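Enquirer: sequence first, then the predicted structure, then my questions.
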Amino acid sequence: MGQTAGLPKWARDLVESYESNAASQFIVSGNVNDRMVVSASSGKRIGSLTDFLLDVLLPRFGVVLSYDLGNGIRVEKGGETLAKWPNFMESQKTWKEPRPAVETLTRFFRYCGNLASLGRESIQVACIVNSADLLAPTAGSAASHDLGAVALLLRDWANDSLLAGHALATFLVTENLADLHPMIVNNPRAFHVRIALPSPADLAEAFTILGPSCPTAFEKYAGNPDGVAQQLAGTTLGAVESMLKTKQHRKEPIVSDDLVRLKKQLVEKDCSRLIEFIESTRTLDDLYGMEAAKAWLRQDVALWRSNDVAALPKGYLICGPVGTGKTFLVECLAGEAGVPIVKMKNFRDKWVGSSEGNLEKIFRLLRALGRCYVFVDEADQALGRRESGTGDSGLSGRIYSMIAEEMGDSTSRGRVVWILASSRPDLIEVDLKRPGRIDVKIPLFPTVTAREGFELIRMLCRKRGLEIDDSRFSQLEASIPSLLTPGAAETLAMKIYRSTRTEAREPFDALARHLAAYQSPVPKDVMRFQIQLAVNETSDADFVPPFFRAAATDPSWPDNSRA
């Protein structure tokens with residue numbers, strides 16, 4: 001296939017496997033639909049994966065064919081050689097439909113293999129099957145004899161001694177391995193190649209190629225492609241190319257203020273709304289109380305900024321009763337750290353293999369971003385279970401396995417920090433919470449005393465421009481609810497503000513009125529249970545206020561205390 005100098009790692013691995021006769025079939029997955037730098041004898045340009053294979057890896061092959069469901073069989077190179085095949089004219093009737101087309105390709109490969117075994121002629125043949133997952137998808141409910149036959153033939157391209165014994169190289173291209181038939185994916189004779197999202201170095205090289213054709217768009221960064229490449233890490237090259245051309249058409253230069261917004265838009269679009277970036281102007285100073293946890297988090301942020309990642313946790317578990325501000329803490333951490341926080345949205349899909357494919361796409365992004373937090377809200381529901389239920393065809397177990405493997409990747413320490421949030425941490429699999437995946441578990445609690453509840457309400461009212469005098473505390477102490485969560489206090493503050501605007505009440509009078517009518521949004525037994533879970537989960541006793549350390553083990557609490 002040629003020299004490997006200057007090739008990306010996935011291409012070097014592929015060439016080595018072919019040249020050593022270790023494999024002749026390559027399952028290429030990952031960022032396969034993106035644009036990439038194609039370095040050929042004529043120079044460098046931006047092209048597709050097929051362009052890269054043809055111009056960089058396969059220039060010495062005599063015949064190169066391609067197939068996809070839309071175009072059927074196409075001759076990319078070597079049409080004159082193919083025309084010498086005795087069945088060439090007749091075979092053209094079967095170049096479109098999946099099974100006949102794969103059978104035709106197989107017959108041609110066998111013809112070339114027979115020529116080589118007879119010592120008559122050796123033809124180097126390559127075949128690129130684009131969107132192979134549409135040709136041989138995961139069986140699921142769509143299993144059929146034709147699907148099985150196609151999968152067997154594709155597998156034979158790697159297993160049949162006649163086919164594998166001559167100069168044949170086949171490429172099965174799919175974005176997600178989970179979408180491809182397991183008979184092909186699990187074939188030990190096939191070599192798996194995963195194309196990652198472009199690195200900052202890849203993007204910088206692409207900018208030097210695209211820059212001359214987009215001079216206005218790129219004028220502010222023409223001398224510093226590395227700088228803009230670092231800021232756009234995690235985007236696809238195709239999205240960046242489209243953005244540059246759009247800016248050039250509008251005669252608008254890219255400016256520094258654009259980059260964060262552009263990256264967010266490009267990444268979220270490429271990930272089909274599977275993720276979102278959390279943007280926050282808050283910091284840990286906006287959190288009420290929690291001094292021990294805030295001190296720990298600030299230390300971790302400082303370690304990350306100084307690249308001292310040996311003591312940095314792989315992940316955090318934020319747990320506590322409903323309404324205690326788990327998502328708010330994550331927003332504050334996002335603003336404090338100045339590092340992207342990627343929130344995983346609903347990646348589950350009803351189609352067989354789609355959920356796993358969505359996860360593969362998310363993981364590719366995380367590996368490319370460089371440094372980021374990954375936030376999984378309601379983690380007890382989102383992360384799956386080791387033992388799948390009877391009604392999900394094993395989906396929950398497969399999701400659990402994929403996430404557990406990704407979270408446990410030892411090479412990601414210092415690059416990706418996972419943040420799981422849940423009011424039911426007992427429902428998260430123990431293996432997902434163990435050290436090496438989740439190292440720090442931070443519990444959140446409601447207020448303990450009436451004074452704490454009063455100060456929390458005052459702080460939230462102050463953010464709305466309302467002042468409640470501290471001296472009025474004694475008049476309200478008896479009516480301030482016990483175990484007040486930030487969520488419940490936020491609702492009270494909103495009602496107080498509403499009363500001052502619609503009823504012209506003074507803030508204190510409005511507070512007194514709404515405290516008299518207050519009902520806890522969380523039943524007492526649920527609150528107690530979730531507090532006990534949070535106490536039991538914590539990784540450091542200093543994170544738990546002394547009251548809750550004792551109270552959570554008291555069977556009569558909270559009925560015996562106003563706390």
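Expert: The structure has been received and is ready for your questions. In this text the structure is predicted, and so the values were computed from the model without any measurement.
Enquirer: hey, let's count contacts and neighbours off CA atoms from now on
Expert: OK.
Enquirer: so which elements touch the helix or strand where His192 lies?
Expert: Using DSSP states H and E, His192 maps to strand 190-195. In terms of contact count using 3 or more Cα pairs under 8 Å, 6 or more residues apart in numbering; DSSP states H and E, strand 190-195 is assigned the packing partners helix 9-19, strand 25-30.
Enquirer: export these to JSON lines and tack on distance to Thr411, mean neighbour count and mean pLDDT?
Expert: Listed next are those as JSON lines, based on distance: least, Cα to Cα, whole Å; neighbours: other Cα atoms under 10 Å; pLDDT from 0 to 100:
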{"stretch": "helix 9-19", "distance to Thr411": "17", "mean neighbour count": "17", "mean pLDDT": "93"}
{"stretch": "strand 25-30", "distance to Thr411": "19", "mean neighbour count": "23", "mean pLDDT": "95"}
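Enquirer: which one of those lies closest to Ser199?
Expert: helix 9-19 (11.7 Å; Cα to Cα).
Enquirer: tell me the phi and psi of the residue nearest the centre of the chain?
Expert: Ranked by distance to the mean C-alpha position of the chain (Cα atoms, centre = their mean), the top residue is Ile362 at 2.1 Å. Per-residue torsions, Ile362: phi -60, psi -40 (degrees, to the nearest 10).
Enquirer: pretty sure it contacts Arg273?
Expert: No: applying Cα atoms under 8 Å as the test, Ile362 and Arg273 come out as separate, 10.3 Å apart.
Enquirer: hmm, who's touching the lowest-mean-pLDDT helix or strand in the chain?
Expert: Lowest on mean pLDDT, DSSP states H and E among the helices and strands of the chain sits helix 256-270, with a mean of 71. Contact with helix 256-270 is made by 228, 231-232, 234-236, 239-240, 274-277, as judged by Cα atoms under 8 Å, 6 or more residues apart in numbering.
Enquirer: just stretch 348-368 next, same as before
Expert: Against stretch 348-368 from outside (Cα under 8 Å, 6+ apart): 30-31, 138, 140, 175-179, 196-199, 233-235, 271, 274-275, 347, 372, 398-399, 402, 406, 416.
Enquirer: bridging across strands, which residues link to the closest residue to Val56 other than its chain neighbours?
Expert: With Cα to Cα, 6 or more residues apart in numbering as the criterion, Val56 has its nearest non-adjacent residue at 5.9 Å, and that residue is Ala40. Beta-bridge partners of Ala40, counted by DSSP bridges, are Gly43.
Enquirer: one more: Glu276?
Expert: Following DSSP bridges, Glu276 is listed with bridge partners Lys343.
Enquirer: given the strand holding His192, what are its sheet partners and their directions?
Expert: As assigned by DSSP bridges, strand 190-195 forms pairs with strand 25-30 (parallel).
Enquirer: send the alpha carbons of the partner strand over as PDB?
Expert: Only the C-alpha atoms of strand 25-30 are listed here, as PDB (Å, rounded to 0.1, in the frame of the first residue of the first chain):
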ATOM      1  CA  GLN A  25     -10.300  -6.900   5.300                       C
ATOM      2  CA  PHE A  26     -10.700  -3.600   7.200                       C
ATOM      3  CA  ILE A  27     -13.700  -2.500   9.100                       C
ATOM      4  CA  VAL A  28     -13.300   1.300   9.200                       C
ATOM      5  CA  SER A  29     -15.600   3.100  11.700                       C
ATOM      6  CA  GLY A  30     -15.800   6.400  13.600                       C
END
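Enquirer: and the helices in the stretch 251-400 of the chain?
Expert: Ranges of helices within the stretch 251-400 of the chain are 256-270, 291-305, 326-337, 354-368, 379-382, 395-407, based on DSSP state H, counting those that start in this stretch.
Enquirer: hey, least reliable of these by pLDDT?
Expert: Note on these: lowest mean pLDDT is at helix 256-270, with a mean of 71.
Enquirer: for that helix, which positions count as buried?
Expert: For helix 256-270, the neighbour count (16 or more other Cα atoms under 10 Å) marks 262-264, 266-268, 270 as buried.
Enquirer: in stretch 111-129, what's buried?
Expert: By neighbour count on 16+ other Cα under 10 Å, the buried set for stretch 111-129 is 111-114, 116, 122-129.
Enquirer: which SS class is Ala116?
Expert: Following DSSP: H, G, I helix; E, B strand; the rest coil, the label given to Ala116 is helix.
Enquirer: give me the three-state assignment for the nearest residue to it once chain neighbours are set aside.
Expert: Counting by Cα to Cα, 6+ apart, the nearest residue to Ala116 once its immediate chain neighbours are dropped is Ser122, at 4.9 Å. Classification of Ser122 by three-state DSSP places it in coil.
Enquirer: and the gap between Ser122 and Val185?
Expert: According to Cα to Cα, to the nearest Å, Ser122 stands 29 Å off from Val185.
Enquirer: over to Val255?
Expert: Counting by Cα to Cα, the gap between Val255 and Val185 amounts to 44 Å.
Enquirer: which one's more surrounded, the two?
Expert: Using other Cα atoms under 10 Å as the criterion, Val255 and Val185 rank with Val185 on top: 20 against 13.
Enquirer: per-residue pLDDT, the more buried one?
Expert: 94.
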